[in-house]
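> Fold the following for me, if possible:
(2 chains)
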Protein chains: 2
Amino acid sequence: MRLVNGVLAESLSLNDRAIQFGDGVFRTMKVVDGRIEFWSQQYAKLVSDCARIGIVAPSEALLLADIALLMPQNHSIKIIITRGESARGYVAAADLQSNRIVQLAALPAYSPELYTEGAVLRLCRTRASWQPALAGIKHLNRLENVIARREWSDPSIFDGVMLDRDGFVIEGVMSNLFALIDGAWCTPQLDESGVAGVYRSMLLKIVVLDDIPIKERQVSLSDVYSATQVFVCNSLAGCVPVRQFEQQHWAIDANLIHIVQQQLSVFK
Amino acid sequence: MRLVNGVLAESLSLNDRAIQFGDGVFRTMKVVDGRIEFWSQQYAKLVSDCARIGIVAPSEALLLADIALLMPQNHSIKIIITRGESARGYVAAADLQSNRIVQLAALPAYSPELYTEGAVLRLCRTRASWQPALAGIKHLNRLENVIARREWSDPSIFDGVMLDRDGFVIEGVMSNLFALIDGAWCTPQLDESGVAGVYRSMLLKIVVLDDIPIKERQVSLSDVYSATQVFVCNSLAGCVPVRQFEQQHWAIDANLIHIVQQQLSVFK
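Okay, the predicted model is just below:
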């Protein structure tokens, strides 16, 4: 079920700049027992992403009314905000009325073993683009993720790791990555590439995870291979421990997910 | 007037991956007196762009039938090919049926003086992204062009020049660039950034323009500032001589456009 600007719809105007240029941003969030997880963080990120590229963000009240109309229980909600509609060419009026799309979908069916036994990651050949003007933003220009995801079809692989031009680790195709390196949980800096997810941002805000500092830094591929532990995260899957990345294997710390969930509960 | 898969339409399914990810390619072409300029070059580029990212390209016959239905006389035609429709997530079936959108629009109203007096260019702060997997392709992830185009509103500026991470010249926001440097017409290499337009490709194919060799190479900003002549080009505007780029000025060679048009007539 989908709403466009609050009205049930199955299609979008061909004048919408999302179709012409991928000119918009999006959010994916998890609804559990009718409650949106981390809503205020999600909405703040939506507003911040819109501001960075000059899109007029809808009010929180409008979006919450849309979501209420869809009556989610245990679902994913995807919100797309596009710059709006224009006839032709890159130019758009500064005050163009944005379009908002709110979509209800089933939650992805992750097996319980994913969390107890851990995920398998592969290394992608497709690199993350260098683009500081757009880095960190969850925008609709996701072709590089599509291309990277086409590199494998083995369903036992949870995600692929993308490097930047210089070979530094950026992220998973659909997740952010944390690696326990030299006594700190480290996640790659995303000021020139990649998407800074809400789950990652919350972890950075809590600063310390069970006495281990959490920080952003440049992370090389060998840093990850030699890490003590690795996990990936996104808003639908939550924190997913990694048991294997290419030829490297790790034992799973059964407590990790519990600790992460407990510490992030301050944001709920 | 617009067609989606050959049928008059004003909207596109919300499942289309162009909306979700910008997952598609496009072409813009000029129709003069009912005749599509450089059609075979345009179609070949569409097929090649689709192949690079694994999209099933529609047949030439289907597209020509669509265009015929729209009865263009002196118009622009924009073709968008999207990977097709899927419910959620980056994964798409390898044989997904692509969607084709064919749109008729008025030609942009360029003044005759643009060609006799020349265009004014500015330098963009927004850089062209580094992404070899997508470089050269006219794909739907055009947010960086949108952001770069937002840098100016002065209608006397024809286009903005975008540099790459290392400061080399890549292209105009909506054009390719040629500069006469050391006795050769040089256009930036686009193997890591930028869009390789059909007009640019045809110029590279003719190899020599009025006894001056045409070639692709790395072009620095100072190469352009110190060039003897500069022009930009795209399929709607054709060849547009440049009279000013930031503080640098050039006299316009009145013969240039005539020579370019004459030499490109082999492709018509």
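> Show me what the one helix or strand residue A:144 maps to is in contact with.
Secondary structure assigned from DSSP states H and E places residue A:144 in helix A:143-149. Residues outside helix A:143-149 that contact it (C-beta atoms under 8 Å, 6 or more residues apart in numbering or on different chains) are A:22, A:124, A:126-129, A:160, A:162, A:173-174, B:17, B:21-23, B:53-54, B:83, B:90-92, B:131, B:133-134, B:139-141. Quick note: C-beta positions are derived from backbone N, CA and C, even for glycine.
> one more time with 6 Å
Helix A:143-149 is contacted by residues A:124, A:126, A:129, A:160, A:162, A:173, B:21-23, B:90-91, B:133, B:139, B:141 when judged by C-beta atoms under 6 Å, 6 or more residues apart in numbering or on different chains.
> quick check: mean pLDDT across it?
Per-residue pLDDT over helix A:143-149 has a mean of 98.
> Parallel or antiparallel, list what pairs with the helix or strand that it is followed by.
Sequence-wise, the next helix or strand downstream of helix A:143-149 (DSSP H and E) is strand A:159-163. Applying DSSP bridges, strand A:159-163 is found paired with strand A:119-123 (parallel), strand A:169-172 (antiparallel).
> Run through the residues that contact residue A:31.
Contacts of residue A:31 by C-beta under 6 Å, 6+ apart are A:72, A:75, A:77.
> List buried residues within those residues.
When neighbours are counted using 16 or more other C-beta atoms under 10 Å in any protein chain shown, the contacts of residue A:31 contain these buried positions: A:72, A:75, A:77.
> What distance do you get for the last one to residue A:39?
Spelled out, it's residue A:77. Applying C-beta to C-beta, to the nearest Å, the value for residue A:77 to residue A:39 is 10 Å.
> Close to chain B: what parts of chain A are there?
Selection of chain A residues close to chain B by C-beta under 6 Å from any C-beta of the partner chain yields A:2, A:10-14, A:18-19, A:21-23, A:88, A:90-91, A:105, A:126, A:129-131, A:133, A:139-143, A:145-147, A:149, A:165.
> Show only the entries of these found in strands.
Taking DSSP state E, the ones among those that sit in strands are A:2, A:11-13, A:105.
> Now distance to residue B:197 and neighbour count too, for the residues you listed, in TSV please.
Output for those, formatted as TSV (distance: C-beta to C-beta, whole Å; neighbours: other C-beta atoms under 10 Å in any protein chain shown):
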residue	distance to residue B:197	neighbour count
A:2	35	20
A:11	30	18
A:12	27	23
A:13	27	17
A:105	38	17
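> Just flag the most distant two among these.
The most widely separated members of those, counting by C-beta to C-beta, are A:13 and A:105 (22.0 Å).
> Just the closest residue of chain A to chain B, please.
Closest residue of chain A to chain B, C-beta to the nearest C-beta: residue A:22 (2.8 Å).
> from memory that residue sits against residue A:138, does it?
No - using C-beta atoms under 6 Å, residue A:22 makes no contact with residue A:138, being 11.9 Å away.
> the more surrounded of these two?
Applying other C-beta atoms under 10 Å in any protein chain shown to residue A:22 and residue A:138 shows that residue A:22 carries more neighbours, namely 27 against 16.
> which residues sit in contact with that one?
A:140-141, B:22, B:140-141, B:143.
> Spell out the residue ranges of the strands in the stretch 151-268 of chain A.
With DSSP state E, counting those that start in this stretch, the ranges of strands along the stretch 151-268 of chain A come out as A:159-163, A:169-172, A:176-181, A:184-188, A:208-209, A:212-217, A:230-234, A:238-245, A:248-249.
> Would you map out the domains in chain A?
Chain A breaks down by automatic domain parsing into domains covering A:2-106, A:112-267.
> Tabulate these (a markdown table), appending distance to residue B:223.
Output for those, formatted as a markdown table (distance: least, C-beta to C-beta, whole Å):
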| stretch | distance to residue B:223 |
| --- | --- |
| domain A:2-106 | 26 |
| domain A:112-267 | 22 |
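> State the mean pLDDT of the longest helix along chain A.
For chain A, the longest helix by residue count, based on DSSP state H, is helix A:39-53. Regarding helix A:39-53, the rounded mean pLDDT is 98.
> tell me which residues in that helix are buried?
For helix A:39-53, the neighbour count (16+ other C-beta under 10 Å) marks A:39, A:41-43, A:45-47, A:49-50, A:52-53 as buried.
> Just name the shakiest helix or strand of chain A by mean pLDDT.
Within chain A, no helix or strand scores below strand A:208-209, which has a mean of 91 by mean pLDDT, DSSP states H and E.
> ok now that strand, how far from the chain's centre?
Strand A:208-209 sits 21 Å away from the centroid of its parent chain (C-alpha atoms, centre = their mean, to the nearest Å).
> Also stretch A:132-143?
Stretch A:132-143 sits 11 Å away from the centroid of its parent chain (C-alpha atoms, centre = their mean).
> go on, stretch A:131-147?
11 Å.
> And for stretch A:25-40?
Relative to its parent chain, stretch A:25-40 has a centroid offset of 12 Å by C-alpha atoms, centre = their mean.
> Show the pLDDT at the residue nearest to residue A:193 when sequence neighbours are not counted.
Nearest residue to residue A:193 in three dimensions, chain neighbours excluded: residue A:128, at 4.1 Å (C-beta to C-beta, 6 or more residues apart in numbering or on different chains). Note for residue A:128: predicted pLDDT of 98.
> pretty sure residue A:128 contacts residue A:172?
No - the criterion here is C-beta under 6 Å, and residue A:128 misses it with residue A:172 at 10.4 Å.
> hey, what's in contact with both of the two?
Residues touching both residue A:128 and residue A:172 by C-beta under 6 Å, 6+ apart: none at all.
> quick check, nearest of the contacts of residue A:22 to residue A:153?
Nearest to residue A:153, judged by C-beta to C-beta, of the contacts of residue A:22 is residue B:22 at 22.4 Å.
> Give me the contacts around stretch A:157-176.
Outside stretch A:157-176, the residues within contact range by C-beta under 6 Å, 6+ apart are A:119-124, A:127-128, A:130, A:145, A:148-149, A:177, A:188, A:193-194, A:197, A:200, A:218-221, A:224, A:232-234, B:130.
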